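>>> Provided below are the primary sequence and the corresponding predicted coordinates.
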Amino acid sequence: MSNIINKRIRNGLILSLSILVILTFGLITIPVETNAYDTGYQLRTKLSSSNSKPTVYNDRPIIDSLNPNPVVLGSGRTSIVVNGQNFVYGAVAKLNGSDRTTTFFNENRIEFELIDTDTSFLGSYVVTVDNPGPGGGLSNGYVLNIRNELAIVRTVSTAGSVAGASTNKPSTTKTAKPTEDFSDLTANAIFGTDTFMPSGLIQWLILAIFILIIIILARKFFGLEDKYHATPLKQS
């Protein structure tokens, strides 16, 4: 009789350990977080958080015109208005690649200040605008001319690009795309989220397999017990 009791205890322990191993394996294998990436700007979205928002990247700035242009030779410190597109707070105007003190007004206007040495010689400078990250970047180049007063009166001011400084407007890409929402929904439907209950197709399949294994083990255990009770004891 004691052997039978010990056997039942041993079978119960085996079943309990099997269930524990299966549950542990399930917690490890069910994904708790799914990340989606947009290859255009490497936009990263955490699908598992309902409050998370995609990172918005700044566009590259575009220079349309400078005012005044040209600038009178020897005029000293002069404020230059930069008209364009996609300017953001923190944008910096550059003169031949050197930063100048810049004031931001709105997305279509900034101003920067020429220093005394900038207007000391006749010639041309390339003006660019650099938007900060994330995203952002350097704008097209635009020519700022330094002329003497007589030349400004007699000639029409010129503005344009120089070799290596394109005035073509860079193409911009919007960071918010409908395909991102579609890919997010697809990933959630397949992999699920990190909630306590399974929500994705794979999570439900894994859970169904675990339940099936537990049922098989339980039926096997209780089947042995029923078989024992159905077998009459031998008379000594």
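Yep, that arrived. Numbering: from 1, shown residues only.
>>> and Thr179, what pLDDT?
If you check Thr179, the pLDDT there is 49.
>>> now swap in Asn69 and tell me
Predicted confidence (pLDDT) at Asn69: the value is 94.
>>> run a quick neighbour tally on it.
Asn69 is flanked by 18 other residues according to other Cβ atoms under 10 Å. C-betas here are computed from N, CA, C, even on glycine.
>>> I'd say it and Ile146 touch.
No - using Cβ atoms under 8 Å, Asn69 is not in contact with Ile146, being 9.8 Å away.
>>> which helices and strands sit right next to the longest helix along the chain?
Counting by DSSP state H, the longest helix found in the chain is helix 201-230. Contacts defined by 3 or more Cβ pairs under 8 Å, 6 or more residues apart in numbering; DSSP states H and E place helix 201-230 against helix 2-29, helix 178-191.
>>> buried residues of that helix, list them for me.
Within helix 201-230, the residues that count as buried by 16 or more other Cβ atoms under 10 Å are Gln203, Ile206, Phe210, Leu217.
>>> and the helices and strands packed on helix 201-230, which one's lowest on average pLDDT?
In terms of mean pLDDT, the lowest-scoring of the helices and strands packed on helix 201-230 is helix 178-191 (a mean of 57).
>>> lowest-pLDDT helix or strand in the chain?
Least confident helix or strand, the chain: strand 35-38 with a mean of 42, by mean pLDDT, DSSP states H and E.
>>> count of residues packed around Ile22?
As a burial measure, Ile22 scores 16 neighbours (other Cβ under 10 Å).
>>> ok, Arg77 next?
Neighbour tally, Arg77, other Cβ under 10 Å: 11.
>>> got the domain boundaries for the chain?
With domains defined by automatic domain parsing, the chain comprises 2-52+179-230, 62-154.
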